[in-house]
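A.B. asks: okay, here's the prediction I keep looking at, along with the sequence it came from:
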Amino acid sequence: MNPLNVYVFTSAALIVIGLYGIAVKRNMIKTVISIEIITAGVNLNFLALTVGTSFFTLAQYFVIVSIALGAAVASIALSMVIQAYRHYGSIDLRKLSRLRW
Amino acid sequence: MVDMETQAILNPLFILLAGAIIVVIVEQVGRRLKLPKLTDATAVVFFALTLISLYQLYLISKGQTPPVLTYSLKGLGGPFGVSFVVDGLSLFMAFLFAGLGLLVSIYSIRYMEKDLNLDRYYSLLMTLVAGMIGVVFAGDLFNLFVFWETMSISSYSLVAFRKYRWEPIEASFKYLTMSTVGSLMVLYAISFLYGLTGTLNIYELARILGASPIRSQLLAAYFLVACVVAGFGVTGAMVPFHFWLPDAHPAAPSGISAMLSGVVIKAGVYGIARVLFTVFNPNSFDFGTVLMVFGVITLTVANLAALLQRDIKRLLAYSSIVNIGYILSGLGIGAYVITHYQPPLSLSVAGLAVMGALFHIFNHAIGKGLLFLCAGCFIHEAKTRDISMLEGIGKHMAITGASFSIGLLGLAGVPPLSGFWSKLFIILAGYSITWDPFMIVVTTLIVLNSIFAATYYVWLMQRIMFRESKVKAKEAPASMILPIVILALLCVVVGLMPGWIIEAAGKAGLSLISYVGG
């Protein structure tokens, strides 16, 4: 199998795992972890598609910026988890379902 | 010198980002000097400076033919690196963002006076506007993504600003989860585009993809279109992805609701329009049908849901989703005719439809900004968001009530007001090709929906203005009235003299479809 395909399929698998986690898991921290898994998958895809080409250098810059942005999002999400814990004494998303459509 | 002129592109961004830092220092100074309003005044000044620098940029770009400015960062320049491109559409959207930002910062002086940490509030408001201006100025997709995340992170924090209550936290976490997944889907599509072509410059991508219509990889290309539409559609509140919006808008402070509803969701629509129209040429990709179908579904679902609401801000939030439906349908009609018909006819119809959609972006930004600010005044006085408790409050607050009615009638599309024109253009464009049953059906659904929406706008106006009043209230303070009156006057003036804004929206629309060519 072409090594490129291995990385592309791995990143697709990571994205699917992350989406599954967001859809199924009821723990807020697990939701944040799932978002991070999707970020990792997308970043891997960015590198996998460009490795060995002349534009690989720039892709590395992009991925580093993207990792920094992912960290910013994760820190905001985790601060919300702390606030939610102060309100509810729990980080179970089922307890956070007072808002419906 | 050309370099100095193009450097002006960075001015609005620099001013806002510098302001975001300076406001924090000013807060400390103000606390020492016992001048509590110093922070607010600084924020207002920085937004005014941003508007001035945008106006200078407009003057510079008017002197160029074509009126497009480009700026590339040194070292990473050329067709490969980070670049900014300013054309008619970018300036049109940027003026809207900065203008509403200025009005919201004036409004917040009194509305937010009971809240703590106002330096953080204004700082986040400035990074929010800076992010949006960066999104519309970005000339390459990665730059667009970085500013997109700046905007998103600021808006998550602003929704959760009153973090001592449970509602904002819950709404903001929901918003964060959905919106982050959306932006990651966009980044996924961007990574494929980079892998395929080796560049992220929007115009370079358009050239490469246009030169070799990737017929063999059509399925892959449609997958990318789907990622882009779904990703930007989350922030744009397209219907299957709209669940965050009716929670986030009521939970945020009213000024922020006006920003979110007036302009942040428009940034999502801008993302869809810019990436799809420019990168994926509608001549070879039939995304117009998808946008029309999603637009009409958005309209219908949100209209039905809006009827069930008892919370005034929630009702207005659903009405925002309805208006996103009009804008998406307008863009969809434009792309559909370019795909299915030949140039002289298709370009004129598409020009009309896209112009109508952009004009509606303007109308909805001022109209819904106005409505949320008015609702903020009502809530500020009556301390409740329940419509049945707010009945008749317009009798006590004459100016706010009258402006609220103007906003409602304007969005309902009553003739002399602004909302009428943009809906008229979208519907005219939809009916202009009479032998296409799909377009006729979609346009008829738009017409039926807009009549349906008008009924509940008028019903809401009747409840707020003409029922027996249940609450005691007095008119809001002058600095809260001022932005409301400005927006209400804009609704009337644009309705009576739509010429100048039609011209601006037309130019903005042309910069979208001129890349499509003949």
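C.D. replies: Yep, that arrived.
A.B. asks: give me the next element, helix or strand, following the lowest-mean-pLDDT helix or strand in chain B.
C.D. replies: The weakest-scoring helix or strand in chain B, judged by mean pLDDT, DSSP states H and E, is helix B:2-7 (a mean of 67). Using DSSP states H and E, the helix or strand that follows helix B:2-7 in sequence is helix B:10-33.
A.B. asks: any low-confidence regions in chain A?
C.D. replies: For chain A, applying pLDDT under 70 flags the ranges A:1-2, A:96-101.
A.B. asks: up against chain B, what does it have?
C.D. replies: When proximity is defined as C-beta under 8 Å from any C-beta of the partner chain, chain A approaches chain B at A:15, A:19, A:22, A:28, A:31, A:35, A:38-39, A:42, A:45-46, A:48-50, A:53-55, A:58-59, A:61-62, A:65-66, A:69, A:72-73, A:76-77, A:80-81, A:83-84, A:87-88, A:96, A:98-99, A:101. The C-beta positions use only the backbone N, C-alpha and C, and glycine is treated the same way.
A.B. asks: ok, for B:Ala335, nearest residue in space, not its chain neighbours?
C.D. replies: Excluding the flanking residues, the one nearest B:Ala335 by C-beta to C-beta, 6 or more residues apart in numbering or on different chains is B:Gly288, at 3.1 Å.
A.B. asks: distance check, that neighbour against chain A.
C.D. replies: 28 Å (C-beta to the nearest C-beta, to the nearest Å).
A.B. asks: same deal with B:Thr39?
C.D. replies: Counting by C-beta to the nearest C-beta - B:Thr39 and chain A are separated by 23 Å.
A.B. asks: one more: B:Leu54?
C.D. replies: As defined by C-beta to the nearest C-beta, B:Leu54 lies at a distance of 26 Å from chain A.
A.B. asks: select the longest helix from chain A.
C.D. replies: helix A:56-88 (DSSP state H).
A.B. asks: swap in chain B?
C.D. replies: helix B:343-382.
A.B. asks: model confidence over it, on average?
C.D. replies: Helix B:343-382 carries an average pLDDT of 90.
A.B. asks: show me what contacts residue 92?
C.D. replies: Looking at chain A here, since you left the chain open. Contact analysis of A:Asp92 by C-beta atoms under 8 Å, 6 or more residues apart in numbering or on different chains lists A:26-28.
A.B. asks: my question was about chain B, not that one.
C.D. replies: B:Phe92 touches B:358, B:362, B:504-505, B:507-508, counting by C-beta under 8 Å, 6+ apart.
A.B. asks: check what pLDDT the residue nearest to B:Ala335 gets.
C.D. replies: For B:Gly288, pLDDT reads 87.
A.B. asks: contact residues of chain B facing chain A?
C.D. replies: Residues of chain B lying close to chain A by C-beta under 8 Å from any C-beta are B:76, B:80-81, B:142, B:145-146, B:149, B:152-153, B:156-157, B:160, B:163, B:166-167, B:169-174, B:176-177, B:180-181, B:184, B:187-188, B:191-192, B:194-196, B:198-199, B:243, B:246-247, B:305.
A.B. asks: now, those residues that are in helices?
C.D. replies: Using DSSP H, the residues of chain B next to chain A in helices are B:142, B:145-146, B:149, B:152-153, B:156-157, B:166-167, B:169-174, B:176-177, B:180-181, B:184, B:187-188, B:191-192, B:194-196, B:246-247, B:305.
A.B. asks: ok now stretch B:310-317, how far from the chain's centre?
C.D. replies: 19 Å (C-alpha atoms, centre = their mean, to the nearest Å).
A.B. asks: contact partners of that stretch?
C.D. replies: B:245-246, B:249-250, B:254, B:257, B:261, B:306, B:309, B:368, B:371-372, B:375, B:378-379, B:385-388, B:390, B:456, B:460.
A.B. asks: now do stretch B:435-443
C.D. replies: B:289, B:292-293, B:295-296, B:329, B:332-333, B:336-337, B:340, B:427, B:430-431, B:433-434.
A.B. asks: doesn't B:Gly325 fall inside a helix?
C.D. replies: Yes: secondary structure of B:Gly325 (DSSP: H, G, I helix; E, B strand; the rest coil): part of a helix.
A.B. asks: let me know whether it touches B:Leu299 as I believe.
C.D. replies: Yes: B:Gly325 is within contact range of B:Leu299, at 3.4 Å (criterion: C-beta atoms under 8 Å).
A.B. asks: overlap in contacts of those two?
C.D. replies: B:Asn449.
A.B. asks: for B:Ser328, pull up the helix or strand it's in.
C.D. replies: Let me fix one detail, which is that residue B:328 is Leu and not Ser. Per DSSP H and E, B:Leu328 falls inside helix B:312-340.
A.B. asks: give me the mean pLDDT for that helix.
C.D. replies: Averaging pLDDT along helix B:312-340 gives 91.
A.B. asks: that helix to helix B:343-382, inter-axis angle?
C.D. replies: Using axes from the mean of the first three to the mean of the last three C-alpha atoms, to 10 degrees, the direction of helix B:312-340 lies 170 degrees away from that of helix B:343-382.
A.B. asks: off-centre distance for helix B:312-340?
C.D. replies: So, by C-alpha atoms, centre = their mean, the centroid of helix B:312-340 is 12 Å from its chain's centroid.
A.B. asks: please apply the same query to stretch B:21-41.
C.D. replies: 30 Å.
A.B. asks: repeat that for stretch A:51-61.
C.D. replies: 22 Å.
A.B. asks: buried sites along that stretch?
C.D. replies: A:55, A:58-59 (16 or more other C-beta atoms under 10 Å in any protein chain shown).
A.B. asks: out of everything not next to it in sequence, what's closest to B:Gly233?
C.D. replies: Spatial nearest neighbour of B:Gly233, chain neighbours left out: B:Phe241 (5.2 Å); criterion: C-beta to C-beta, 6+ apart.
A.B. asks: what pLDDT does that neighbour get?
C.D. replies: For B:Phe241, the model assigns a pLDDT of 89.
A.B. asks: neighbours of the spatially closest residue to B:Tyr156 that is not a sequence neighbour, how many?
C.D. replies: Of all residues not flanking B:Tyr156 in the chain, B:Leu176 sits nearest, at 4.7 Å (C-beta to C-beta, 6+ apart). B:Leu176: 26 surrounding residues under other C-beta atoms under 10 Å in any protein chain shown.
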